[in-house]
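Student: Below are the sequence and a predicted model; questions follow.
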Amino acid sequence: MQNEPETPPVASMRIKVTRNGPYVVTGSVPLVRLAMVLDADGEALAWRVVQEYPLQEQYRLCRCGGSSTKPFCDGTHRRNGFDGTETASHALYLDRAERTVGPTLELIDVQELCAGAGFCHRAGGTWNLTTRSDYPRARALAIEEAGNCPAGRLVAWTKDGAPIEPDLGPSIAVTEDPVTGAIGPYWVRGGIEIEAADGTTYEVRNRVTLCRCGKSGNKPFCDASHQE
């Protein structure tokens with residue numbers, strides 16, 4: 001029986017944002033397709049894997065939203081006038097954050113990163129749950145909802161100043177919204193470095209979402225424009 005191939009070290013992985021072109025992914029980054037799992041009320045509950053793509057050392061992901069070979073680039077950006085100008089801030093996450101302080105948790109929030117996934121809506125919302133985090137069930141739900149936020153907009157922190165992050169292996173997930181039928185963003189997981197077209201790098205984080213539809217006003221990151 002053959003052993004499963006090991007995931008390459010994250011230090012060798014990189015996503016390069018090209019000028020008005022695709023994301024060039026190098027370092028054998030695993031690529032999967034995920035769909036949301038909804039609860040009985042239609043709220044986002046979890047993610048499930050629907051496809052695993054063959055592992056490639058390098059590949060190009062569509063950034064303009066027009067490729068006929070999604071999620072891969074087919075060169076459509078050269079014909080449809082795609083403007084991929086990057087407008088996202090390079091400021092650190094914590095320097096931009098608002099805080100909701102609860103009895104046993106703090107919720108850190110950078111609203112401009114919202115990708116509209118909706119995991120923060122259940123049971124009164126992650127903010128409300130944080131303010132009631134002296135109740136074990138509310139605390140557990142607040143941590144779960146914040147950890148399922150693909151964009152990393154929301155991060156739950158302990159009162160002694162430690163972030164509570166899900167253990168995500170380095171990979172890229174192509175996401176789908178089963179309610180709207182819209183394609184979602186690319187969910188970059190596990191601390192993969194993202195290099196801007198000008199050669200600078202964005203803050204390395206455990207969870208971020210990259211625009212896939214070409215419409216975001218916060219390129220290269222998703223701002224939920226795919227839902228419009």
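Tutor: Noted; the coordinates are in hand.
Student: Give the burial count for residue 182, as a bare number.
Tutor: For residue 182, the neighbour count with other CB atoms under 10 Å is 16. Placement of C-beta: from N, CA and C, glycine included.
Student: Would you mind measuring from it to residue 82?
Tutor: 18 Å (CB to CB, to the nearest Å).
Student: for residue 96, same thing?
Tutor: For residue 96, the distance to residue 82 equals 27 Å [CB to CB].
Student: quick one, which of those two is more surrounded?
Tutor: The residue with the greater number of neighbours, taking residue 96 and residue 82 and applying other CB under 10 Å, is residue 82; the counts read 18 against 14.
Student: Now the more buried one: closest residue in space that isn't a chain neighbour?
Tutor: For residue 82, ignoring the flanking residues on the chain, the nearest one in space by CB to CB, 6 or more residues apart in numbering is residue 64 at 3.7 Å.
Student: Give me the packing partners of the helix or strand of the chain with the lowest mean pLDDT, helices and strands only.
Tutor: Across the helices and strands of the chain, the lowest-confidence element by mean pLDDT, DSSP states H and E is strand 44-52, at a mean of 89. Using 3 or more CB pairs under 8 Å, 6 or more residues apart in numbering; DSSP states H and E as the contact criterion, the elements in contact with strand 44-52 are strand 31-38, helix 136-148, strand 171-176.
Student: and the first one, which strands flank it?
Tutor: This points to strand 31-38. strand 44-52 (antiparallel), strand 171-176 (parallel) (DSSP bridges).
Student: Show me where this protein has its strands.
Tutor: Using DSSP state E, the strands of the chain run over residues 14-17, 23-26, 31-38, 44-52, 58-61, 98-101, 105-109, 154-158, 163-164, 171-176, 183-189, 193-195, 207-210.
Student: Now do the contacts for the closest residue to residue 80 other than its chain neighbours.
Tutor: With sequence-adjacent residues excluded and distances taken as CB to CB, 6+ apart, residue 80 is closest to residue 66, at 5.0 Å. With contacts defined as CB atoms under 8 Å, 6 or more residues apart in numbering, residue 66 is in contact with 76-77, 80, 82, 214.
Student: Would you mind listing which of these are buried?
Tutor: Neighbour counting over the contacts of residue 66 (16 or more other CB atoms under 10 Å) leaves 76-77, 82, 214 as the buried ones.
Student: Counting neighbours, what do you get for the closest residue to residue 86 other than its chain neighbours?
Tutor: Ranked by CB to CB, 6+ apart and with sequence neighbours excluded, the top spatial neighbour of residue 86 is residue 219, at 5.1 Å. Each residue near residue 219 was counted by other CB under 10 Å, and the total is 22.
Student: try residue 70
Tutor: By other CB under 10 Å, the residues close to residue 70 number 15.
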